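Colleague: fold the following and give me the result.
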Amino acid sequence: MNVSDLKITEILDMLFNKIKEMLNLTDLTQMDIKNITGTILISFTIASIILFILWLLRAIGLYKMAKNKGDKYAFLAFIPYFCLYTQGKIVGKTNLFGIDVEHTELVLPLLIISSMLPFSKTLALFLLFISYFALLYKIYKLKIPNFAIILLILSIILPILQPFILFFIRNKEDVK
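Modeller: Okay, the predicted model is just below:
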């Protein structure tokens, strides 16, 4: 039997028969849609729980650091996007890319707003990405100056580690 002589329906039929043999099914309808849906829902639930835990670790870390700085709006660390404000508050006045920034807490939120504008989307997203990690580096530098660059590289390569890092350094005193 030459495969090039077969029609697409015959190829699909052969494929389904192979799948049935591999799964030891007599009829493909035995693969109940409820089982597939249940698997998808369980996977989604597990992923949601993991993402919630990561979000919570990051929020607790930022909240505690902001609270230690005396920020009365530290609770914003628990609100998505507003946590970027908190991240800037933790850093305080800084020099970002050679520019002295008085209100660092406004840098990331303004970049997010500008990324929604159609004419500046690409540039704003690029600046947001760079500024986000620059401020993250400043936080690491405040807390653990000797390992700041290593922690930043880990945060970029393995973003799942960032919430854990922020959580574990939350109680460290600022090094100046």
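
Colleague: quick one: pLDDT of Leu62?
Modeller: Per-residue confidence at Leu62 stands at 93 (pLDDT).

Colleague: repeat that for Ile50.
Modeller: 95.

Colleague: neighbours around it, how many?
Modeller: By other Cβ atoms under 10 Å, 11 other residues sit near Ile50. For every residue, glycine as well, the C-beta is placed using N, CA and C.

Colleague: so, low pLDDT: which residues of this protein?
Modeller: Of all residues in the chain, those with pLDDT under 70 make up the ranges 1-6, 8, 22-35, 176.

Colleague: just the helices in it please.
Modeller: Using DSSP state H, the helices of the chain run over 8-23, 33-68, 82-91, 107-115, 121-143, 148-157, 162-168.

Colleague: and the residue nearest to Ser120 when sequence neighbours are not counted, how far from Ile165?
Modeller: The shortest distance from Ser120 to any non-neighbouring residue, by Cβ to Cβ, 6 or more residues apart in numbering, is to Ser114 (5.4 Å). The gap separating Ser114 from Ile165 is 28 Å, by Cβ to Cβ, to the nearest Å.

Colleague: those two - which one has more neighbours?
Modeller: Ile165 (22 against 16).

Colleague: gap between the residue minimising distance to the centre of the chain and Ala134?
Modeller: The chain has Pro159 as the residue nearest its centroid, 6.3 Å off, counting by Cα atoms, centre = their mean. According to Cβ to Cβ, Pro159 stands 16 Å off from Ala134.

Colleague: what of Thr86?
Modeller: From Thr86 to Ala134 the distance is 16 Å (Cβ to Cβ).

Colleague: so those two - more neighbours on which side?
Modeller: Using other Cβ under 10 Å, the more surrounded residue of Thr86 and Ala134 is Thr86, with 25 against 18.
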